[in-house]
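In: Here is a sequence together with a model predicted from it:
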Amino acid sequence: MSNVIDKPAENKPRLTTSAMIASIASEGQRTQPAPFGHALAAEARKRQNIVGMTADLSKYTDLHVFSQEHPQRFFQMGMAEQLLMGAAGGMAKEGFIPFATTYAVFATRRAYDFIHQVIAEENLNVKICAALPGLTTGYGPSHQATEDIAMMRGIPGLTIVDPCDALDTEQAVSAIAAHNGPVYMRLLRGKVPVVLDEYDYTFELGKAKLLRDGRDVLIVSTGLMTMRALEAAKLLDDGSASVAVLHVPTIKPLDEATIIEQCARPGRLVIVAENHSVVGGLGEAVASTLMRARVSPEFRQVALPDQFLDAGALPTLHDRYGISSSVMAAQIRTWLG
């Protein structure tokens, strides 16, 4: 693990968020418990071939909700992520729809070759749902999957989904179950904020959605950073800027048409916001899309730096690395001059 952040001075408020189990919800924010687990259990009532699999982490991926309702379709593979992916591929070959869960660092770094060769190369119908994506734990680089999208984007035929909130997660579970082919979904677990119900939102696989319009800034965001982008936009409603937010829950395949259409509108600063390294994620995917289309707005990124991050309380880390709503709003004011 990396350096633990310094203790706060005695005259400053102490952030006591648990490093591993910390919620990404702000104080007083509406939340929903275990949306992935409940959604998968409900989907399994309709699809008898859904099975749930994990590598000793059912409680920490919310798969325990599924296991309690469907114990005969739950498989605990132990602390063996490569075996988990290989077995999930075998299940898919027999006509099942495996939902394989573990932490994102273990799915991508430890089991990459098995996903690449066993699952993706044969286009098997496996859904990999990976908890603790990006900077959603304070336990340092051993558990911070800050490069998972970069790794998975390189696998041909693999769909990549990064939900924003509980509603997005629930609807994405149903959509990826209906989709025939391998999927990597970043998983928000525990008490997950509920945000998108205020924006008449419906998840569609492969589609980006404009949640709010604005004349000065367009934030193209994915995952929990859509939540932060909406919060930052409200902070900037004080007269600082009129901010649009385009939510991109599917990173691969990318909704290039909608992104190009929105980024081509003149006079707006375009910012890509993601809970991922600046290397290889949504920012680079959007930038290359715009370059190919010969669309050239003023372009910025809000993302994690290309470095091993510190350990500590999540609110402190999110401020430190620029992905909190307050720091994002301040950065946008600076960019606008």
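Out: Now that the structure is in, tell me what you want to look at.

In: can you list the domain ranges for the chain.
Out: With the TED database as the criterion, the domains of the chain are listed as 31-193, 206-336.

In: Point out the most buried one among those.
Out: Counting by mean count of other C-beta atoms under 10 Å, domain 31-193 has the highest mean neighbour count of the domains of the chain, with a mean of 21. Just so you know, the C-beta spots here come from the backbone N, C-alpha and C atoms, and that holds for glycine as well.

In: now it, how far from the chain's geometric center?
Out: Computed by C-alpha atoms, centre = their mean, to the nearest Å, the chain-centroid distance of domain 31-193 equals 12 Å.

In: moving C-terminal of the longest strand that the chain contains, what's the next helix or strand?
Out: Selection of the longest strand in the chain by residue count, based on DSSP state E, yields strand 269-277. The helix or strand immediately downstream of strand 269-277 is helix 282-292, counting by DSSP states H and E.

In: And that following helix, what does it pack against?
Out: Applying 3 or more C-beta pairs under 8 Å, 6 or more residues apart in numbering; DSSP states H and E, we find helix 282-292 packed against strand 217-221, strand 250-252, helix 256-263, strand 269-277, strand 299-304.

In: how about those in JSON lines, adding distance to H70 and mean pLDDT?
Out: As requested, the helices and strands packed on helix 282-292 are arranged in JSON lines below (distance: least, C-beta to C-beta, whole Å; pLDDT from 0 to 100):
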{"stretch": "strand 217-221", "distance to H70": "34", "mean pLDDT": "98"}
{"stretch": "strand 250-252", "distance to H70": "27", "mean pLDDT": "98"}
{"stretch": "helix 256-263", "distance to H70": "37", "mean pLDDT": "98"}
{"stretch": "strand 269-277", "distance to H70": "31", "mean pLDDT": "98"}
{"stretch": "strand 299-304", "distance to H70": "36", "mean pLDDT": "98"}
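
In: Dump those to TSV, plus distance to W335.
Out: Formatted as TSV, those follow (distance: least, C-beta to C-beta, whole Å):
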stretch	distance to W335
strand 217-221	8
strand 250-252	24
helix 256-263	16
strand 269-277	6
strand 299-304	6
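
In: Nearest to E170, out of the ones you listed?
Out: Closest approach to E170 among these is made by strand 250-252 (15.7 Å; C-beta to C-beta).

In: Can you give the strand pairings for that closest one, parallel or anti for each?
Out: strand 159-161 (antiparallel) (DSSP bridges).

In: for the next helix or strand after the partner strand, packing partners?
Out: Using DSSP H and E, the helix or strand that follows strand 159-161 towards the C-terminus is helix 166-178. Secondary-structure packing of helix 166-178 (3+ C-beta pairs under 8 Å, 6+ apart): helix 35-46, strand 159-161, strand 183-187, strand 191-193.

In: what mean pLDDT does the third one have?
Out: Translated: strand 183-187. The pLDDT scores in strand 183-187 average 98.

In: quick revisit: reformat the domains of the chain as JSON lines; add distance to A25.
Out: Output for the domains of the chain, formatted as JSON lines (distance: least, C-beta to C-beta, whole Å):
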{"stretch": "domain 31-193", "distance to A25": "5"}
{"stretch": "domain 206-336", "distance to A25": "9"}
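
In: chain center to the longest strand of the chain: distance?
Out: Its chain's average C-alpha position is 13 Å from that of strand 269-277, according to C-alpha atoms, centre = their mean.

In: Now that strand - C-alpha only, PDB.
Out: The C-alpha trace of strand 269-277 is given here as PDB (Å, rounded to 0.1, in the frame of the first residue of the first chain):
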ATOM      1  CA  LEU A 269     -15.500  24.400 -22.700                       C
ATOM      2  CA  VAL A 270     -15.600  20.600 -22.900                       C
ATOM      3  CA  ILE A 271     -14.500  18.700 -19.800                       C
ATOM      4  CA  VAL A 272     -14.300  14.900 -19.500                       C
ATOM      5  CA  ALA A 273     -14.700  13.800 -15.800                       C
ATOM      6  CA  GLU A 274     -14.000  10.300 -14.700                       C
ATOM      7  CA  ASN A 275     -13.000   8.300 -11.600                       C
ATOM      8  CA  HIS A 276     -10.000   6.800 -13.400                       C
ATOM      9  CA  SER A 277      -6.500   7.600 -14.400                       C
END
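
In: on that earlier part again, can you check which of the helices and strands packed on helix 166-178 gets nearest to E204?
Out: Of the helices and strands packed on helix 166-178, nearest to E204 by C-beta to C-beta is strand 159-161, at 11.1 Å.

In: quick one, which of the helices and strands packed on helix 166-178 is nearest to G280?
Out: G280 lies closest to strand 159-161 among the helices and strands packed on helix 166-178, at 11.6 Å (C-beta to C-beta).

In: in what helix or strand does the nearest residue to T54 once chain neighbours are set aside lie?
Out: The shortest distance from T54 to any non-neighbouring residue, by C-beta to C-beta, 6 or more residues apart in numbering, is to T101 (4.6 Å). Per DSSP H and E: T101 is located in strand 97-103.

In: other SSEs contacting that strand?
Out: If you count contacts as 3+ C-beta pairs under 8 Å, 6+ apart, strand 97-103 packs onto strand 50-54, helix 63-69, helix 81-93, strand 127-131.

In: circling back: helices or strands up against the longest strand of the chain?
Out: With 3+ C-beta pairs under 8 Å, 6+ apart as the test, strand 269-277 has helix 148-153, strand 217-221, helix 224-235, helix 282-292, strand 299-304, helix 325-336 packed against it.

In: Great, nothing more from me.
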